[in-house]
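Enquirer: I'd like to go over a predicted model; first the sequence, then the structure.
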Amino acid sequence: MLSRRRIAFSCIFAVLLVAAPAYGGIISYEGTESCIWANRCLIVAKVLKTERDRTATKYYGLQYYVTLDPTLTLAGSFDCAAARELKIPIVLGPFGSPLFAPPPAGSLVLIHLELANEGYFVPGLAATYMPENLPVWEVWGLHDEVLLKIVSTVGERRREGARLDRDRRADCTAWLNDTYPKHTQFLIRPIDKSFEARNIALVRVKSVAAPEKNGDRKVSLRLIGVAAGRLDPALLGEVEVFIPAKLVVGRKVPTIDAEMFVALDECDGKYLVPKEELDYLPSRWAFSHVETSVDVTCDKILAKLRERAASKETNDDVGPKQRP
């Protein structure tokens with residue numbers, strides 16, 4: 001049975017949720033609104049640090065800064081590998097956000113990020129596809145059933161929103177440039193040039209067809225999230241790729257219902273399996289089975305990608321050696 005205090009708090013919060021938009025605060029979103037994902041993303045991230053901003057006076061409520069280590073993008077276009085540590089503002093209620101406490105340091109959270117003229121921030125929205133309609137939710141890991149349920153719901157609404165935008169003939173790129181003309185300076189560049197068209201995605205194998213006459217195999221993949229690259233997994237939902245016969249020789253092939261990290265190259269609206277060796281995946285080729293856990297495998301891939309990028313930056317700074 002609920003206590004009187006909890007009932008009273010729930011009633012007060014319900015009133016604030018309804019009344020807040022009149023003050024320019026909390027707005028409820030279904031996830032299908034026009035151009036809602038043009039500058040918004042939903043990611044999984046580790047909270048490295050939380051600190052109070054005592055100088056903020058712009059918003060209704062208290063403002064904090066959270067330092068995040070992005071891990072996996074579920075919806076929207078955001079490159080977690082390239083983002084590394086990201087320090088962003090987050091506003092707490094009652095009129096600025098339905099949140100009343102910042103996410104604790106050391107937690108793993110599902111969190112919304114929005115890109116505006118000043119950079120990324122955590123929007124004070126009530127998202128109906130999230131638990132308790134909150135913009136931030138703590139999860140136990142990338143295998144958390146709550147996370148998988150949200151992935152499914154967000155995917156359906158993300159794709160429905162895109163369909164409605166086509167019917168409405170909404171020009172989301174023009175809307176974004178008109179509304180936030182300075183946002184482009186905060187866009188995160190790919191971790192290296194190869195990732196302008198490449199993605200590392202966490203997938204669940206939906207089906208594996210029998211080899212064709214030339215030995216190639218067609219594999220259907222359900223996208224869960226993206227660790228590197230700018231592919232929008234919720235919008236795409238599923239993807240089919242062909243694995244060339246020569247890549248399968250001597251390697252562990254995908255199996256139905258297996259969770260894997262997969263490298264996907266985008267080319268003319270299609271997705272292809274890269275043929276070269278990939279030293280940043282545990283398997284060293286495009287399909288990599290999860291090792292001890294999804295979280296550990298994802299951490300290893302991100303660490304390898306970031307280490308590789310840092311090494312390239314160092315070499316570029318040093319430049320070619322001069323001959324004596």
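Expert: Sure thing, it's come through.

Enquirer: What average pLDDT does stretch 132-148 get?
Expert: Per-residue pLDDT over stretch 132-148 has a mean of 89.

Enquirer: those strands in the stretch 1-150 of the chain, which residues are they?
Expert: Ranges of strands in the stretch 1-150 of the chain, per DSSP state E, counting those that start in this stretch, are 27-29, 40-52, 63-75, 86-91, 108-116, 119-121, 125-127, 136-139.

Enquirer: Let's have those strands in TSV, adding mean neighbour count and distance to E145.
Expert: From N, CA and C alone the C-beta is placed, and that goes for glycine too. Output for the strands of the stretch 1-150 of the chain, formatted as TSV (neighbours: other CB atoms under 10 Å; distance: least, CB to CB, whole Å):
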stretch	mean neighbour count	distance to E145
strand 27-29	15	23
strand 40-52	19	14
strand 63-75	23	14
strand 86-91	19	26
strand 108-116	21	13
strand 119-121	18	28
strand 125-127	21	18
strand 136-139	19	9
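
Enquirer: Any idea which of the ones you listed gets closest to V226?
Expert: Among the strands of the stretch 1-150 of the chain, strand 63-75 comes nearest to V226, with 4.7 Å by CB to CB.

Enquirer: Next, the angle strand 40-52 makes with the closest one.
Expert: Between strand 63-75 and strand 40-52, the angle comes out at 150 degrees (axes from the mean of the first three to the mean of the last three CA atoms, to 10 degrees).

Enquirer: Kindly calculate the angle that strand 63-75 makes with strand 108-116.
Expert: In terms of direction (the same axes, to 10 degrees), strand 63-75 departs from strand 108-116 by 100 degrees.

Enquirer: Show the pLDDT at the closest residue in space to A170 that isn't next to it in sequence.
Expert: Nearest-residue entry for A170: S34, 5.0 Å, with adjacent residues in sequence omitted and distances by CB to CB, 6 or more residues apart in numbering. pLDDT, S34: 90.

Enquirer: residues touching L278, list them.
Expert: Contact analysis of L278 by CB atoms under 8 Å, 6 or more residues apart in numbering lists A263, R284, W285, A286.

Enquirer: Which members of those are positioned in strands?
Expert: Taking DSSP state E as the definition of strands, the contacts of L278 contribute A263.

Enquirer: Just list the residues touching the residue nearest the centre of the chain, thanks.
Expert: When CA atoms, centre = their mean is applied to the chain, the residue found nearest the centroid is T73 (1.4 Å). By CB under 8 Å, 6+ apart, T73 lies in contact with C41, L42, I43, D79, C80, G225, V226, A227, D232, P233.

Enquirer: thinking again about what came up before, in the contacts of L278, find the pair that's most separated.
Expert: A263 and R284 (10.8 Å).

Enquirer: which of these two has more neighbours?
Expert: Neighbour totals were compared for A263 and R284, and A263 leads with 25 against 11 (other CB atoms under 10 Å).

Enquirer: The residue nearest to that one when sequence neighbours are not counted: neighbour count?
Expert: Leaving aside its sequence neighbours, A263 sits nearest to A286 (CB to CB, 6+ apart; 4.3 Å). For A286, the count of nearby residues is 26 (other CB under 10 Å).
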